[in-house]
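Asks: Predicted model follows, preceded by the sequence.
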4 protein chains.
Amino acid sequence: MEKPIPGKIVAQHNSRESCWIVVHGQVYDVTEFLDEHPGGRKIILKYAGKDATQEYEPIHPPNAIVDNLPPDKHLGPVEEGTVDKVEVKMTDQEKARLRRVEARPPLSEILNLHDFEAIARQIMPEKAWAYYSSAADDEITSRENHAAFHRIWFRPRILRDVTNVDWSTTILGHPSSMPIYVTATALGKLGHPDGELNLTRAAARHGIIQMIPTLSSCSFDELVDAAQPGQAQFFQLYVNKDRAITKRIVQHAEKRNIKALFITVDAPQLGRREKDMRMTFDAADPHEIGKSGGGQVDRSRGAAKAITGFIDPGLKWADIPWFKSITKVPIVLKGVQTWEDALEAYDQNLAGVVLSNHGGRQLDFARSGIEVLVEVTEKLKEKRGITFPNNRFQLFVDGGVRRATDVLKAVALGATAVGIGRPFLYAFSTYGVDGVDHALQILRDEFEMNLRLLGSQTIKDVVPAMVDASNIHTHFVPVPQDQLYNTNYENMQHARLRDIKVKTKL
Amino acid sequence: MEKPIPGKIVAQHNSRESCWIVVHGQVYDVTEFLDEHPGGRKIILKYAGKDATQEYEPIHPPNAIVDNLPPDKHLGPVEEGTVDKVEVKMTDQEKARLRRVEARPPLSEILNLHDFEAIARQIMPEKAWAYYSSAADDEITSRENHAAFHRIWFRPRILRDVTNVDWSTTILGHPSSMPIYVTATALGKLGHPDGELNLTRAAARHGIIQMIPTLSSCSFDELVDAAQPGQAQFFQLYVNKDRAITKRIVQHAEKRNIKALFITVDAPQLGRREKDMRMTFDAADPHEIGKSGGGQVDRSRGAAKAITGFIDPGLKWADIPWFKSITKVPIVLKGVQTWEDALEAYDQNLAGVVLSNHGGRQLDFARSGIEVLVEVTEKLKEKRGITFPNNRFQLFVDGGVRRATDVLKAVALGATAVGIGRPFLYAFSTYGVDGVDHALQILRDEFEMNLRLLGSQTIKDVVPAMVDASNIHTHFVPVPQDQLYNTNYENMQHARLRDIKVKTKL
Amino acid sequence: MEKPIPGKIVAQHNSRESCWIVVHGQVYDVTEFLDEHPGGRKIILKYAGKDATQEYEPIHPPNAIVDNLPPDKHLGPVEEGTVDKVEVKMTDQEKARLRRVEARPPLSEILNLHDFEAIARQIMPEKAWAYYSSAADDEITSRENHAAFHRIWFRPRILRDVTNVDWSTTILGHPSSMPIYVTATALGKLGHPDGELNLTRAAARHGIIQMIPTLSSCSFDELVDAAQPGQAQFFQLYVNKDRAITKRIVQHAEKRNIKALFITVDAPQLGRREKDMRMTFDAADPHEIGKSGGGQVDRSRGAAKAITGFIDPGLKWADIPWFKSITKVPIVLKGVQTWEDALEAYDQNLAGVVLSNHGGRQLDFARSGIEVLVEVTEKLKEKRGITFPNNRFQLFVDGGVRRATDVLKAVALGATAVGIGRPFLYAFSTYGVDGVDHALQILRDEFEMNLRLLGSQTIKDVVPAMVDASNIHTHFVPVPQDQLYNTNYENMQHARLRDIKVKTKL
Amino acid sequence: MEKPIPGKIVAQHNSRESCWIVVHGQVYDVTEFLDEHPGGRKIILKYAGKDATQEYEPIHPPNAIVDNLPPDKHLGPVEEGTVDKVEVKMTDQEKARLRRVEARPPLSEILNLHDFEAIARQIMPEKAWAYYSSAADDEITSRENHAAFHRIWFRPRILRDVTNVDWSTTILGHPSSMPIYVTATALGKLGHPDGELNLTRAAARHGIIQMIPTLSSCSFDELVDAAQPGQAQFFQLYVNKDRAITKRIVQHAEKRNIKALFITVDAPQLGRREKDMRMTFDAADPHEIGKSGGGQVDRSRGAAKAITGFIDPGLKWADIPWFKSITKVPIVLKGVQTWEDALEAYDQNLAGVVLSNHGGRQLDFARSGIEVLVEVTEKLKEKRGITFPNNRFQLFVDGGVRRATDVLKAVALGATAVGIGRPFLYAFSTYGVDGVDHALQILRDEFEMNLRLLGSQTIKDVVPAMVDASNIHTHFVPVPQDQLYNTNYENMQHARLRDIKVKTKL
């Protein structure tokens, strides 16, 4: 075992010329890495010669530092108790936030998934909120994901015996208590110290499946170890430029009994998320105006960019057979956005596709998964004669889901199940595992009620004729307002109380 | 006759261990019922050992307590004048509300049905307003009910002699002075001490038909007794799990000369009405944060849940012949939402259907009745060759009606009559029976005017060619706003007065 | 000549039992008329025994009092200088209004027709503004009239020599400097002491045609007398229940050389205009709450109702031959709203129709004239093989016009000319005849510019292929907002100035 | 050389009767020109007898004064240092603006093209902002230009190797690093002292093509001289009524190696831009109310009108051969708005067309270029069997572009490249050449990212099947709001923090 390095020595390497930092009790020389750091060198220099663990922890996946530094830059353990931590003074803003945390309403007052987001927005640290909530460009697709569900309406049936209703299903052969799964989202510790473990535990309680992300804050093995006996888990894979690493990861996942591999195919490069990017300017120097001239744009892109440099933009259809050769785990493509690609996946005998645009975080003006679903079922029926839901080739949708009604619309249109991401992040960011548990209980209640109101005893009875999706492809922008006409118009008034101040609108 | 129980004795049973309450002069032991109470045990415990009549009265149908407790828990009469009432201190909020009640404008200033709602919103107790106005989930369907009428436009005809116009009609063979009826709504006493009697009386004055609800605050017999000689009444039925009870109710209704039975088929379970639910948290304990953990969600659902546990979710088409066997009264299904179910009702020789989504209080994203009407008339013509209005099988619509023009659109599209609910509730909640009377007078005036302007002498002359309903099936959500572009845009300005404060926009 | 009645005598008849008033120097006994007065008896009693001329003048057509009272109630002239006028104290509100009148911007700052309305809204007396601006029910049709033009887009042509452009045309054979006319509107003196004379004079200056209204504040002969030699005028006719009166009016108009008769066919009864109606409550007694009970609704309907009781709701197609028998003046129907009625007018050999919904003041949800125009030209081509513009049968449109582009859209779609009403009312209400003149000059400039930009040398070159009207029949209401989702969404932010208050949005 | 004129002499000619001014050291007698000055005589009289250079400079193209005055009014040079400048007192408003200029954020905080506009709006002089940002009439088309892109959605493809992506292209045979060009916009010095030179320099840095405007503030030769060796430039031509001038200009441009001639065909007359016009009233005399009577409308139209009197409204298709006869430079028509005219241009063997409505500054309700593009490719395929992009006949689009996604939509639909105007004006108005450089860098980054996310390696791979433009022709205006219903509706509320002020919405 190496001899620990005294904190005093570390503290001397506190400049751009020689910059050491301590993370999880280990000393690293990051001098040469400074300019490559996707989050910018400034944030590292703040911790030069000191312990950076607290800042590092929630926004880097496990082993990020080891994976990104050459072995000789790993200098060995620090002598315990000898290294300075950076003292972070609590700002007034942070104190106010903590008061808001204390003021959370009891869980019983959280009536729907929106409520978690409303609380999270007020009590999460701004950076964490920005990372979770932000999306690409003008965030049109992100909002469209939700809006698209509002273009689908129900055709409920009556006078069917719905005394007993059952909303359980099977996903890729594994039972699920509801037609949903926890989809993969990165950096869970930004929202809660237990990170994705909150999801593993709540999924166990409710008998649903968690998809473990490549970019989890908790390590893959932690999340698998936390599963209950018989609890199924999927794994979401970002494919590394170094295929040996990918092979190792996949085969490890298979060994740990992962039930399906969801390969992300919509992120050859991370989208620009401007809300996230604006966060990085908080500490910027006010005297820099105009300094960054031609060609030297500061390309720091917030938390997102910091963690994704390894993803391979060269991934292609021709790589699919290789994946099949290294694992027997069923493979699903996550991020399919056209019927043409869904057809190709079907023809390559994959287990399914997730119709998704990555929560609106990649290409703005990509269509919603629920819209693509309509096109995919139509065309695959036309081209290959198959109907959905279909066990041989399963369709999933994610993005914008807030209500069980959203899920049931997808199910009626042929989806096997629907992935839910952000709402669960907000649930654990506000109330930890109990939050996620409560979120699932709300969905459970909504499924029970809505199955009854649809006149369906089981998920199989939720059929295409129960929805009108004829408006799904409409993307309308109203003609710009005639401001002069409209401001001249004097609104109609109600009858008014006499001489009394009206109750202000709640 | 039993010996009255002294209040002192009652007062001793004031805990969770032994809980007696007094309602309408009778003592009940509700100890074992505490955990079953749909409104939660807390509210009952507040009245333990005391007289709960005042709280109980407006939110329970008559006999609710007798129907829900075993006979041996009915302990007998209380000794008069010996029992404590719970003193309710008048809050400042309540005092302000009562001042607003005093400030109501004279009825002559109420120009349309919207006006009643505007006043009601300001003067009703919050709980009552929440119960009446709330709807399911995000209340999309509730508002769509009204919005859908705005997608239908008139094609009025000219140069027809409209000196004399007549907007009377017959509904299921019974004359009505207008093509509307008072539809069934629950808990009338929440809005006014006379409850549904206000409706019975005003209906008499105007020669229209009232549909008596199963869940009225006034008893069925009270409402029938209040009818004038020759005043027709319908009855809305929630079917009980115990069919013997249902049979008794139906046959009693027939005996009391009810003209039609409207069986509610869209409520196998009550919808979640979150505005109503939020009301129950008013008195909640601030120290409960996070307490309600896995699986133990507080499912209290406001006033709605408290009154509907008996409704049978197992009701099915196969039960219809049984209904025909126990009564000769014409049967109409209330809550039909597809042409398929309307066709089935027709084929089963029922008298008609109400195309309704329960005022948007059940399944959110169910379509409006007026939209379903277009589909039903099209398909029944295609499948059975019948046209509407049709005496053998009558179509009704309810939901979202505020103007006579709304009604006339439904009539043009084939409806026999249209049910109106909430506007009359708001009318009596603000001005009692005179309010409902005034509301009907407004409708009367609007019918007269609009028949003339349509070029129709009678309701029969209001034909399909008088409306353009070609946009009825459009459910569009605008593309999410481009916030950055829009906030950069500088609005056009009008010419401005010189150096003078402009009159602020009213 | 009668002996004048002393004011002292008149002053004694100042009660409900005996009520005399003085108007224009004549004494009338209106005791028996009190309850028939469409504006209510209260307003008359205020002037009982006094001179009511000032109040009477602007809201009654000439001779209204003579026409409505039996001859024996006309008591003769009052003795000059002996009668009390009602002293009207100037309120603070009125003083503030007069200051705003003073603060009008110079006419050169009025850049478009909207600007007149913006100024009028601030400087007109509230009652006058309410009468001019109000429309039926929820004023949906009124605003739709303008909105419909926004669904029509141009297809301008290039590289045509537009050095000289000419936007003059002929209307029913009479030259007009632009494809517009001043349409008939009532009660011009509400806005300006010269009333409709402002329109006559400005029309003369610009070579356009004025349609004289039946309900003008100025008398018909005044307006005809004011015309310049050769200045063409039309006449709008409300048909009286007493056809002898109508015959007299029509034949007088013909004698005075009126060029066309526009018979209003969309107003068998006046629409309910609630903004106008609310005005009448200003002086209402606060102690009347609830007094007006069953059946006794106060039906006062503001200024509109006061002047229209004579209109015949029995007018019908069968009356058309009679009109042709009493006059040779070309007859146009004003207020046609379907192709069926336009076809009938064509088949009855009338000179044309105005596709109009009375400025949205009659049947709410009637379609706009511009929308009906599309249907009419399509169907008349299909049924009778005729195209438009067509000299034998001319189509006119009115409602919602604010820009020359609006007019050119109608022209491209087949209209001969377009009627403009409210904008000219606002123009003279703010600047008298110079206002109307300026409004016409603005339109003139807009026509010149837009003809050039369309690539049209003359009005004849403005052809159907220059517009895309394919969206004209769409009447969409967006799906109701998802309030919970939308309020959770955090809007995108622009880059911000450092530590400086931003210029507030103008 | 002429003898300089002493300032004292000049100063004597300071009235309407004799008005001399000094511009760039030369004395001009403008007495007879006063009434012809498109900006009005008032602004000139302010400088009578004085040096007007500072006011004149940014809003007149080079040589405007020489071109507009007869030679004998050019009196010769002024004696240096002897002439009065008009002292312009700095207003508080101007001081506040300069403070805002100082507070600009560093360029690194400018994340998108919208950000430049947000800063420009706050720091530009109001007149300059009004001239750049204003558009025709109600500015509907101006906003529609941007909105139309939002009706087009992507169909991105997956699993294509996008390691290396290349977004360069060629435009009319000349290489461009991106499928965009700097389109022609007038009066660059309003925003920055270097005017259009900022564009020339930034275009050089990024390898894109600048289109030099006829109405540049910098002279044509300055802009050509500033180009780097090999830097391609286009020239935008307003055709003069005097074709000799046009011939001279075109042949000079050809000699200076201009690569293409873009003839503006959508501006036979300048559009009315009311925001710009309102600016001219700042200094107006408050006592002029009502003075401008019949026919004497002040037609001053802000900066736009001042510079465009020479443009020939007589330009026509028959002139095209003449252009071909005077130059070999490829000719493109700028401002084509229908397929019919695009076809004509194709048939006349022109090099291409710009589908454009002049940034919404000409005919309001003209359709967006991107919408016309869809029609043009469809019809030219149908009529001539050609597809796009097409080297023989290239299609360009401009108007409303803010994101690389906008550009890629146009490219997918067949455009060779897209012109960007205002965003670059705002970029140099806020940060000079570095601003434009940064804007281009942002676009570069967006192209890289979006090509990857679309699954396209090159611009050629951006094909029609990658977009859904099926909603492009929809121009919908929602049915006017039901104000009474909507204001009665009580919005849904989220769960709330306890007794704590919520963070206000950012």
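Replies: That came through fine.
Asks: Helix or strand: which one has residue A:332?
Replies: If you go by DSSP states H and E, residue A:332 is part of strand A:331-336.
Asks: Run through who's touching that strand.
Replies: Applying C-beta atoms under 8 Å, 6 or more residues apart in numbering or on different chains, the external contacts of strand A:331-336 come out as A:172, A:184, A:236, A:260-267, A:320, A:323-324, A:341-342, A:345, A:350-358, A:362, A:372, A:376, A:394, A:396, D:158-159. For the C-beta atoms, the positions are set from N, CA and C on the backbone; glycine is no exception.
Asks: Partner strands of that strand and their direction?
Replies: Note on strand A:331-336: by DSSP bridges, its sheet partners are strand A:260-264 (parallel), strand A:352-355 (parallel).
Asks: next helix or strand past the shortest one?
Replies: Which is strand A:352-355. Sequence-wise, the next helix or strand downstream of strand A:352-355 (DSSP H and E) is helix A:369-384.
Asks: Can you tell me what sits against that next one?
Replies: A:145, A:148-149, A:152, A:336-339, A:342-343, A:346, A:353-357, A:386-388, A:395, A:397-400, A:406, A:409-410, A:413-415, A:469, A:472-473.
Asks: For it, list the C-alpha coordinates in PDB.
Replies: Extracted in PDB, the C-alpha atoms of helix A:369-384 (Å, rounded to 0.1, in the frame of the first residue of the first chain):
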ATOM      1  CA  GLY A 369     -42.600   9.900 -29.000                       C
ATOM      2  CA  ILE A 370     -46.300   9.600 -28.900                       C
ATOM      3  CA  GLU A 371     -46.700  11.200 -32.300                       C
ATOM      4  CA  VAL A 372     -44.000   8.900 -33.800                       C
ATOM      5  CA  LEU A 373     -45.800   5.900 -32.300                       C
ATOM      6  CA  VAL A 374     -48.800   6.600 -34.500                       C
ATOM      7  CA  GLU A 375     -46.600   6.600 -37.600                       C
ATOM      8  CA  VAL A 376     -44.700   3.500 -36.600                       C
ATOM      9  CA  THR A 377     -47.700   1.300 -35.900                       C
ATOM     10  CA  GLU A 378     -49.300   2.400 -39.200                       C
ATOM     11  CA  LYS A 379     -46.200   1.800 -41.300                       C
ATOM     12  CA  LEU A 380     -45.100  -1.400 -39.700                       C
ATOM     13  CA  LYS A 381     -48.600  -2.800 -40.300                       C
ATOM     14  CA  GLU A 382     -48.400  -1.700 -43.900                       C
ATOM     15  CA  LYS A 383     -44.900  -2.900 -44.500                       C
ATOM     16  CA  ARG A 384     -44.700  -6.100 -42.400                       C
END
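Asks: Give me the angle between it and strand A:331-336.
Replies: Relative orientation of helix A:369-384 and strand A:331-336, computed by axes from the mean of the first three to the mean of the last three C-alpha atoms, to 10 degrees: 120 degrees.
Asks: close enough to count as contact, residue A:215 and residue A:238?
Replies: Yes - at 7.0 Å, residue A:215 counts as touching residue A:238 under the criterion of C-beta atoms under 8 Å.
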